[in-house]
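Chemist: Take a look and give me a structure for this.
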Amino acid sequence: MKRSLLEIYALAVCFVTVTCLAIVTGIAIYDVVQIAAPEITLHSGQYERHQSNAAFRNSYHPDPKRVAALPEVEMTKRRQESYISSLNAERRDGWQSLLRMAIIMVIDIIFFIVHWQLAKRVRESVGT
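Modeler: I've put the predicted structure just below:
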């Protein structure tokens, strides 16, 4: 079976788009997990920082003396608010990345369809 250069090009582009789509799908699945369960994907340093008041206090840099003087109840409140803020930021990062992956998937699919149709047309014209 003799193939033309145009058909080989079209099929090569199809192969690259399928490969790219597979990679992007894996990243998109991770993004969905990041949105649904941000505590799982939260960076370990951020997670550990919020597990106790002592860890949170030790990681607090703006004014360590002032933070050390805070009552335990206030420190717990600040730690919990910071943790919620970190989870919201993680979720937002997931949404941003998922949007990027969706755009790439749409472009991949368009490229694939165009080049697959091109390969079919070339194959049909050579066969007749």
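Chemist: which residues of the protein fall in strands?
Modeler: Across the chain, reading from the start of the chain, there are no strands by DSSP state E.
Chemist: Could you pick out the longest helix of it?
Modeler: Longest helix in the chain by number of residues, with DSSP state H as the criterion: helix 72-127.
Chemist: Report the distance from it to the chain centre.
Modeler: Taking the mean C-alpha point of helix 72-127 and that of its whole chain, the gap between them comes to 6 Å (C-alpha atoms, centre = their mean, to the nearest Å).
Chemist: what's near enough to touch Arg57?
Modeler: Taking C-beta atoms under 8 Å, 6 or more residues apart in numbering as the criterion, Arg57 is in contact with Val67, Ala68, Met75. For glycine as for every other residue, the C-beta is placed from the backbone atoms N, C-alpha and C.
Chemist: How about Gly94?
Modeler: Gly94 sits next to Asp31, Val32, Val33, Gln34, Ile35, Pro38, Thr41 when contact means C-beta under 8 Å, 6+ apart.
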